[in-house]
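1. The following comprises the amino acid sequence and a computationally predicted model.
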Amino acid sequence: MGPDTRALAVHLAVIALLIGCWFVLPQYHTGNLARILVLATFASAYNLVFGYTGLLSLGHALFFAAGMYGLGIVMQHGGVSALPAWVFGVACAATVGLVTGALALRTSGVAFMIVTLMFAQAGYLCVLYFGDWTRGDEGFVIARTARNLIGIDLADERVRYFAGVCLFGSSLLGIGQLVRSGFGKTLIAIRENEERARMLGYDVQRCKLIAVVISAALAGAAGAAYALLFGYVGASFAAVQYSILPLLWTLLGGAGTTLGPLLGTLVMFYLVDYASDITDAYLLVVGVALILATLFLPQGIVGTLRRRVLRWLP
Amino acid sequence: MTDRNSTTDDTAATLTSGSRRRALKTLAGGAGGLAATGALPGLSGYVQAQSAEPIRIGFQVHRTGIGAAYGRWYDRTTQAAVARINAEGGINGRPVEIIAEDDGTDPKRGAEVIEKFVNRHECDVGFGTLFSHVVIGSSPRAGELKLPYFVVSEGHHVASGMLNRYTLQPGITDVKSQVQAMAPYVANTLGKKVTMLYADFAFGHDHRDFFSEAIAAQGGEVIARIPIPPTETAFTKYFPKIPRDTDVIYHVMVGPAVLTFVKEMGEFFGPSAPAIFGFVDSLEAVDINSPGLEFLEGSYLWEGYPRYAQADQTEYDKAYREAVGVDDNGASVSDPRDVSTYAHMFGCWETLHVIKDGMQACDYKGPEDRPALIEAVEAMSDIPHSVAHPQGDKVFNGKTHQVFGHQYISRVQQGRLDVVHTTSIEDTLYEDEVDYTTQAL
Amino acid sequence: MEFGPHLVLALLEGSITAAVLALTAAGLAIVFGILRVVNVAHGEFFMLGAVIAWFVTTTLADVFGASPAVGFACAAIIAPLTTGLIAMLTDKLVLSRINYDPERTIVATIGLLYVLQQLTLMSFGPDARPVEAPFNTRIALPWPELGPNGWALSWPWGFGTTTYKLFVIVAAASVLVSLWLLLKHTRIGLIMRATEQDRDMATAFGVRVNRVYSRVFGLGAALAALGAVLVVPIQQAHYLMGGDPLLLSFIVVIIGGLGSVSGTVLAAVIIGLTDGIVSVFFSATLAKIIATVAVALVLVFRPQGLLGHRAP
């Protein structure tokens, strides 16, 4: 098997495993997994710019929130039904990605971090400022009756789970293909040595911008899906925390690996969940775990696995 | 984290016939409209008391995050209420167990906690959330999982119709009724021209909108509205925007910077301040004798429940204070510096008693009776002043799932808060905005 | 209030923001400049400074009956020192072991942020707690006005400040001047600058780079803590207070030009004063949106920062 086929096989196996989980896991865990899959899609979107293109953005909450609010506002105030609203949410996120990306990509390194952080912060403040539309920090509920896709009730546990699998599965396959395509290889070349990529005649700026827009659209797709599946649109998802979380999930799972974002999200979720069963101070456990991970898993879980044992991991 | 409440252990011993009579009395008083549901007071529950499986109440508590100062006192009040309920025989002869889960004051985690209550801990009901965004984020999941979700939030989200049939707020009044009830006193006693300073987010916007409307009805007027971003830490630069002809300043801020806000307002005005009226939210868990707050002397505050024991203190308030461990100044009996969130936390106590009355009214046996519990609570109307409801008598509106009650206006005098006005319940009523009973169970 | 006094008041308030921000950001700037790492836990060192100041002042007042002034003076020494030592400890236990790798440092310091917040929540509690100012007299300020009888001084309503607020500005300025002297005119400063410019060369000249790193990390944390001690009598100590200073310091350091202390101070003054002035003209949240976008655009069109020379 060539590396491309092998990667595809691994991804299909992961998707099959996720489908299988529905039939064996108790409801509590499938409920959690549905949420994790949506957030892992967000992390995968982040991984595309951070892990593959080498751009450390601190503003991805803006894209997640653009998708979420794009969908939420047209559903709430325009009575638009779920599917077109979701498409609109994705379009909003892509547009925001295009505009902020075009500006932010004039900078690089730490300045890029700060510019993306500032744009996201401005977006968060806009959510608060336009309270008549967004209900500010409180956010709003998307009516149960509106949450259906061509007659299928998205609030149903099974539908929600498989919607999560579909979203994550298609992003996994999509990104898996993308990073192995010529375009993906250019992105990796830019990450490894931007100067060289430029010398070789690649239009580096354009490639980066395309990566940012794809990433923004995917993050927006996750944000819009989150609102649709869990019925809530709120400002906390636009706050700086949700720019740091995908970075954390990606780094923990393994930046520049297709499965890292999923694993990072999964581990962080259950770390919080189980630590909080044992102690009030679960954040302490999480903090110590993160420090230990940086000490002993320098490339993240999947990255370290790939380096030490499973060299074939995509 | 999971707290298995130790008070459940000694319950069986206290299940005497005396407590049964008391329980019946509470029931008869507490759930007046109960006959309407056709349910009979369930006595059968007591028969199996000795070996009964506990009733599990999932307590969504803000242990970390911005709500932690409130969460700690919500926790203490909840533990005290459960201890009392268990000492009096539990619910339907079964002990009550509190399963506490931290939501980090975050709506996403809040929704996850609701799922955990239902699918992992097998809780009978969810309870206890304060911060509005956590309520709104969690409520859809509670509705989908058909978990009766009793919030203690004072937000208008329940009565506004935004939530669902499984979400109720029977233990604390909402911001719309609180604000509306303040307008007559402000206009008639303090002055007609009001400048509002409020936190620039939904809670503050509710104050702005409801109060502007209510004061206009009293012939007064809001002459300036000054929103302050919730992340702000320095406030002096906002005060110059207060118009010179202001009669009354109306302030409502929340969060850790509230003390700075109030202090800087004092420093700004010096000796020549207009009348100041605020919501005690600006000073919850803060000692009003903190350095820098001297200027508050003579100003007015809304209180959901008077923090300082008043001259005409009821025996109910006395018993409630003692049970929770709060002294006459509203601080912890073990540490006078540890000031409670007295104006809000009674909601936990009262809500738990409503849950008890509701479960007894519908003879609650297990999760399959959750819809019956919702109907039993919806059937409640008049809630009498009692130890179970020490803040005062109340009226529950089964259609809007919101309770209405008295509001208090206190004045800072010699470093304590003395009640100068108590509103009637009628002052707090407004037209129904929703009828949840039309939604499917 | 009239426009003139309002603007002056806003500028005065802005200077206090600027003073504290300059101190805190200078700490982040030297760490960034010399270690080349982003310390996400910098805001938590700020918070620790405020919390330790509360512990010191209350303990002294309760146990020894010390006056607020004595308590504050002790806090101003103990809080930065303790915070600096804690920072050096984390440097030794974590940062030096991951060899100051930029990405891993971000995750490690996010972990540190959680640890410090949770430990503070467990020991200090969730309340916002006040520290009494050593002195705090309100000063009403006069305003010159052209009346019918020529120029005269009036005393506009609410136009004033407090002695303590003025002290904060002076104190922060003197600490920054000392820091500048330390960096430019002492042997320690020379070693630090040498390490910043060329780590290998410094090692070759016998500089123990790891020790320099550890001390710089400690010094950066101590500066944040000192900024917090100064501000805590105006604000309150609270376990979540570190978020905003972190964000603002970040901005200021980048705008100032990565690691340049003088650029950082200049940027802090600009940001602080802008924050004050913009609030005069716009509603506060809108003002913050405008200021935030402005910062982003400054960087877009001048990525090296205000005083920076090279692209990062």
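-> Alright, I've got the coordinates. Values in this document were obtained by computation on a predicted structure and should not be read as measured data.
2. Test for you: state the pLDDT assigned to the closest residue to chain C within the stretch 1-150 of chain A.
-> Ranked by CB to the nearest CB, the top residue of the stretch 1-150 of chain A for proximity to chain C is A:Met118, at 3.7 Å. C-beta: built from backbone N, CA, C; applies to glycine. What the model reports for A:Met118 is a pLDDT of 90.
3. Distance check, the residue in the stretch 151-300 of chain A that chain B sits nearest to against C:Pro233.
-> Per CB to the nearest CB, A:Gly231 is where the stretch 151-300 of chain A lies closest to chain B, at 3.3 Å. Relative to C:Pro233, A:Gly231 is positioned 45 Å away (CB to CB, to the nearest Å).
4. same question, B:Arg337
-> Per CB to CB, B:Arg337 is found 17 Å from C:Pro233.
5. Between these two, which is the more surrounded one?
-> Higher neighbour count among B:Arg337 and C:Pro233: C:Pro233, with 28 against 11, using other CB atoms under 10 Å in any protein chain shown.
6. and the stretch 201-314 of chain A, which of its residues are near chain C?
-> Residues of the stretch 201-314 of chain A lying close to chain C by CB under 8 Å from any CB of the partner chain are A:240, A:244, A:247-248, A:251-252, A:255, A:280-281, A:283-284, A:286-291, A:293-295, A:298.
7. And for whichever residue of the stretch 201-312 of chain C sits closest to chain B, the neighbour number?
-> Nearest residue of the stretch 201-312 of chain C to chain B, counting by CB to the nearest CB: C:His238, 4.0 Å away. For C:His238, the number of neighbouring residues by other CB under 10 Å comes to 27.
8. wait, what's in contact with it?
-> Residues near C:His238 by CB atoms under 8 Å, 6 or more residues apart in numbering or on different chains: B:256, C:47, C:50, C:127-129.
9. swap the cut-off to 6 Å and go again
-> Residues near C:His238 by CB atoms under 6 Å, 6 or more residues apart in numbering or on different chains: B:256, C:128.
10. which phi and psi does C:Gln117 have?
-> Torsion angles at C:Gln117 (phi, psi; degrees, to the nearest 10) stand at phi -60, psi -50.
11. about what we covered before: look at the residue of the stretch 151-300 of chain A closest to chain B and report its pLDDT.
-> On pLDDT, A:Gly231 comes in at 93.
12. Likewise for C:Thr105?
-> Model confidence at C:Thr105, expressed as pLDDT, equals 86.
13. Packing partners of the helix or strand hosting it?
-> If you go by DSSP states H and E, C:Thr105 is part of helix C:102-124. On a contact count with 3 or more CB pairs under 6 Å, 6 or more residues apart in numbering or on different chains; DSSP states H and E, helix C:102-124 meets helix A:282-296, helix C:42-59.
14. residue contacts, the closest residue to A:Ala65 other than its chain neighbours?
-> Closest residue to A:Ala65 apart from its sequence neighbours, by CB to CB, 6 or more residues apart in numbering or on different chains: A:Ala238 at 3.6 Å. When contacts are counted by CB under 6 Å, 6+ apart, A:Ala238 touches A:61, A:65, A:123-124, A:127.
15. For A:Ala238, give its distance to C:Arg138.
-> Here A:Ala238 is placed at a distance of 39 Å from C:Arg138 (CB to CB).
16. And the helices in chain C?
-> With DSSP state H as the criterion, chain C has helices at C:3-35, C:42-59, C:68-90, C:102-124, C:163-185, C:187-197, C:199-204, C:209-231, C:243-256, C:261-281, C:284-301.
17. Done for today, thanks.
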